[in-house]
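Peer 1: starting from these lines, generate the structure:
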Amino acid sequence: MKAVTSFEMQALDREAMDTYGIPGLILMENAGAGICRFLKAHYKDLLKNRVMVVAGPGNNGGDGFVVARRLHQEAIEVEVFILAPREKFRGDAQTNLEIIERLHIPIHYITSDPEVEDSLKPRVPEFGIVVDAIFGTGLKRPVGGRFARVIKLLNESASKIVAVDIPSGISADSGEVLGMAVRAHLTVTMAMPKIGHLVAPGLYHTGELEIVDIGIPKEAVKKARIPGELLTRDSISVRLRPRPTHGHKGTFGHVLIIAGSRGKTGACALSALGALRSGAGLVTVASPASAQEIISKIMPKEAMTLWLEEDTASGEVSDRAIPRLMENLEGKKAVVVGPGVGLGFTATEVQKWVVSECHLPVVVDADALTVLAKDVSIIKNAKGPRVLTPHPGEMARLMDKGTEEIQKNRINAARELAAKTGAIVCLKGERTIIAAPDSGFAINPTGNAGMGQGGMGDSLSGIIGGLLAQAAVDDSHVGGE
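Peer 2: Here you go, the predicted model:
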């Protein structure tokens, strides 16, 4: 499912109207009809308690007028509170305002601070549902003045708030709160989800998200080449090919995991388990010789081990192990490097070599990301595909920025690093972002706070390695595409 910015959605609206001749009034009517449909599906009983539509001066307000008219036609009591002078309305929104005027639906203009306090505040408790049609996806400036006071008033009410397209005050492009934002229980958006619905903090304001097909032609969407995608069960399942019934362990790829050092053996086991659980046919863990005994005891029984020369002082892998690693790349389909490897001089040299010189797909994780952050140039001419799996702190080091700056716009950060390095970037955290060097990106809506514990990243590196190994078996199915 595509996920769009405000600019991309506006371009689709224009394409629908200008190229395909679909009038804006029809798009607005379809939007209002869809909102009413979801209002009835979610809050059928509350509709008996009257509905308040709070409208702003743009097309978002126009959608609200359609909602008011359609509820009125079904004998549901509705009143409209407009936060702008009547002369501010133009085009399709003005047309729909004139219709509800002719129907004598109660309309109240709230154009000053005293009117917020005297005419709106006392009325809100009378309504079971408030439809937020104040600001839409085009909002760019911080919300202030009476608009902010109205939003605060709605948030403090006991009414169920249903947002039209996006909660007022949320940036559709980043999810940022622009001064003050509505906290909706339900958001009904048009055509496809907006980025601001899917990432924090907009995620927390959206509530349940429903999508209305307003009639944007699928040809227009295809032509637009929208880079953003919301991952769904369906979109993932079509990328995972069925395992052939005649398959065997050699059919599903062999992963080499370069991991572990003295005192850091658990990372090996978790990464190996991740690779096996994701379906890799074979897994080999390469680690320093002195760690082999412990690793062999905690490793999944299906995994194999490969001892590597080590630096005896640190217990980390030695750069003398590089020839052995080169020999053992034969027959492998993917490599994972970094979990528990260490950051001593020799371990650093080994990880540099893997990141820059290995011809196989490589998942770069943990200590290998720290090595890369110190010299990003080592990946620019990498001999094979690379997948980087940073958490926000590692991402900050890779980008030479603060963690707070990364978290403020995770999508932009992931896309920037992917373009800079030529690697796939998997920025971990709430709503993981996967970005490709060609500027395409995806948002993973799954996961939960239960995953916030040590070792989860090690498991993920193995899972990705396992999927890469299986994809590489069929060279027409590279990287899961």
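
Peer 1: can you pull the domain assignment for the chain?
Peer 2: 6-226, 236-480 (automatic domain parsing).

Peer 1: compare these and say which comes out lowest on pLDDT.
Peer 2: Of all these, mean pLDDT reaches its minimum on domain 236-480 (a mean of 93).

Peer 1: remind me, longest helix of this protein?
Peer 2: Identified as the longest helix of the chain according to DSSP state H is helix 24-43.

Peer 1: next structured bit after that one?
Peer 2: Note on helix 24-43: by DSSP states H and E, the next helix or strand toward the C-terminus is strand 51-55.

Peer 1: give the pairing partners of that next one; include direction for each.
Peer 2: Strands that pair with strand 51-55, judged by DSSP bridges, come out as strand 78-82 (parallel), strand 129-133 (parallel).

Peer 1: highest mean neighbour count out of those strands?
Peer 2: strand 129-133 (a mean of 28; mean count of other C-beta atoms under 10 Å). Where C-beta positions appear, they are placed from N, C-alpha and C, glycine not excepted.

Peer 1: quick one: the strands in the stretch 101-250 of the chain?
Peer 2: Taking DSSP state E, counting those that start in this stretch as the criterion, the stretch 101-250 of the chain contains strands spanning 107-109, 129-133, 160-164, 186-190, 208-212, 228-230.

Peer 1: what does the second one rub up against?
Peer 2: Spelled out, it's strand 129-133. 35, 39, 43, 46-47, 49-56, 60-61, 63-65, 67-68, 124, 154, 157, 159-164, 167-168, 182, 184 (C-beta atoms under 8 Å, 6 or more residues apart in numbering).

Peer 1: then the last one?
Peer 2: In this structure, residues lying in contact with strand 228-230 by C-beta under 8 Å, 6+ apart are 1-5, 8, 193, 195, 198, 235, 411, 440-443, 445.

Peer 1: one more time with 7 Å, if that's ok
Peer 2: 1-4, 193, 195, 198, 235, 441-443, 445 (C-beta atoms under 7 Å, 6 or more residues apart in numbering).

Peer 1: please report the residue range of the longest strand in the chain.
Peer 2: strand 282-288 (DSSP state E).

Peer 1: list the contacts for residue 207?
Peer 2: 184-187.

Peer 1: now the buried members of the contacts of strand 129-133.
Peer 2: 35, 39, 43, 46-47, 50-56, 60-61, 63-65, 67-68, 124, 154, 159-164, 167-168, 182, 184 (16 or more other C-beta atoms under 10 Å).

Peer 1: what strand or helix carries residue 354?
Peer 2: helix 345-357.

Peer 1: now do the buried residues in that helix.
Peer 2: Buried-residue list, helix 345-357, by 16+ other C-beta under 10 Å: 346-357.

Peer 1: tell me the one among those residues nearest to residue 376.
Peer 2: Nearest to residue 376, judged by C-beta to C-beta, of those is residue 355 at 10.1 Å.

Peer 1: if I look at residue 299, how far off is residue 334?
Peer 2: 18 Å (C-beta to C-beta, to the nearest Å).

Peer 1: how many neighbours does residue 118 have?
Peer 2: 12 (other C-beta atoms under 10 Å).

Peer 1: swap in residue 203?
Peer 2: So residue 203, with other C-beta under 10 Å, has 17 neighbours.

Peer 1: ok, it - contacts?
Peer 2: 175, 197, 431.

Peer 1: let's see it at 8 Å
Peer 2: Contacts of residue 203 by C-beta under 8 Å, 6+ apart are 175, 197, 430-431.

Peer 1: how much space separates it from residue 287?
Peer 2: 39 Å.

Peer 1: next one: residue 82
Peer 2: 68 Å.

Peer 1: repeat for residue 232
Peer 2: For residue 232, the distance to residue 287 - C-beta to C-beta - is 38 Å.

Peer 1: the more surrounded of these two?
Peer 2: Using other C-beta under 10 Å as the criterion, residue 232 and residue 287 rank with residue 287 on top: 31 against 11.

Peer 1: so what's the nearest residue in space to the more buried one that is not next to it in sequence up against?
Peer 2: Among residues not flanking residue 287 along the chain, residue 260 sits closest, at 3.8 Å (C-beta to C-beta, 6 or more residues apart in numbering). For residue 260, the contact set (C-beta under 8 Å, 6+ apart) comprises 267-268, 285, 287-288, 291, 295, 339-341.

Peer 1: which element is residue 260 on?
Peer 2: Counting by DSSP H and E, residue 260 is part of no helix or strand.

Peer 1: rewinding a little: and the two most separated of the contacts of residue 207?
Peer 2: Longest span within the contacts of residue 207, C-beta to C-beta: 185 and 187, 8.6 Å.

Peer 1: find the residues that touch each one of the two.
Peer 2: What both residue 185 and residue 187 touch, as defined by C-beta under 8 Å, 6+ apart, is the set 162, 207-208.

Peer 1: nearest to residue 225, of those residues?
Peer 2: Closest to residue 225, out of all of the shared contacts of residue 185 and residue 187 and judged by C-beta to C-beta, is residue 208, at 29.5 Å.

Peer 1: ok, the closest one touching residue 185?
Peer 2: Yes - shown here, residue 208 and residue 185 form a contact pair, counting by C-beta atoms under 8 Å, at 7.1 Å.

Peer 1: neighbour count: these two, which is higher?
Peer 2: Set residue 208 next to residue 185 and count neighbours by other C-beta under 10 Å: residue 185 wins out with 16 against 12.

Peer 1: pull the contacting residues for that one.
Peer 2: 160-162, 207-208.

Peer 1: which strands or helices does the host helix or strand of residue 97 pack on?
Peer 2: Using DSSP H and E, residue 97 maps to helix 91-102. Other helices and strands packing on helix 91-102, by 3 or more C-beta pairs under 8 Å, 6 or more residues apart in numbering; DSSP states H and E, are helix 24-43, helix 59-73.

Peer 1: any chance of TSV for the shared contacts of residue 185 and residue 187, columns distance to residue 132?
Peer 2: TSV is the format used below for the shared contacts of residue 185 and residue 187 (distance: C-beta to C-beta, whole Å):
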residue	distance to residue 132
162	7
207	11
208	14
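
Peer 1: wait, which of these is closest to residue 324?
Peer 2: Distances from residue 324 to the shared contacts of residue 185 and residue 187, taken by C-beta to C-beta, are shortest for residue 208, at 54.5 Å.

Peer 1: how about the nearest residue to the closest one, chain neighbours excluded?
Peer 2: residue 186 (5.0 Å).

Peer 1: residue 149: which of the buried residues of helix 345-357 is nearest?
Peer 2: Using C-beta to C-beta, the buried residues of helix 345-357 come closest to residue 149 at residue 355, 53.9 Å.

Peer 1: contacts only, for the closest one.
Peer 2: 337, 362, 364, 368, 371-372, 378-379, 382, 386.

Peer 1: now with 10 Å, please.
Peer 2: 335, 337-338, 362, 364, 368-369, 371-372, 375, 378-379, 382-383, 386, 388, 423 (C-beta atoms under 10 Å, 6 or more residues apart in numbering).

Peer 1: mind checking how far the closest residue to residue 227 other than its chain neighbours is from residue 192?
Peer 2: In space, and not counting its chain neighbours, residue 227 is closest to residue 440: 4.7 Å by C-beta to C-beta, 6+ apart. Per C-beta to C-beta, residue 440 is found 16 Å from residue 192.

Peer 1: identify the contacts common to residue 208 and residue 185.
Peer 2: Joint contacts of residue 208 and residue 185 (C-beta under 10 Å, 6+ apart) are 42, 162.

Peer 1: which of the contacts of residue 355 count as buried?
Peer 2: By 16+ other C-beta under 10 Å, the contacts of residue 355 give 335, 337-338, 362, 364, 368-369, 371-372, 378-379, 382, 386, 388, 423 as buried.
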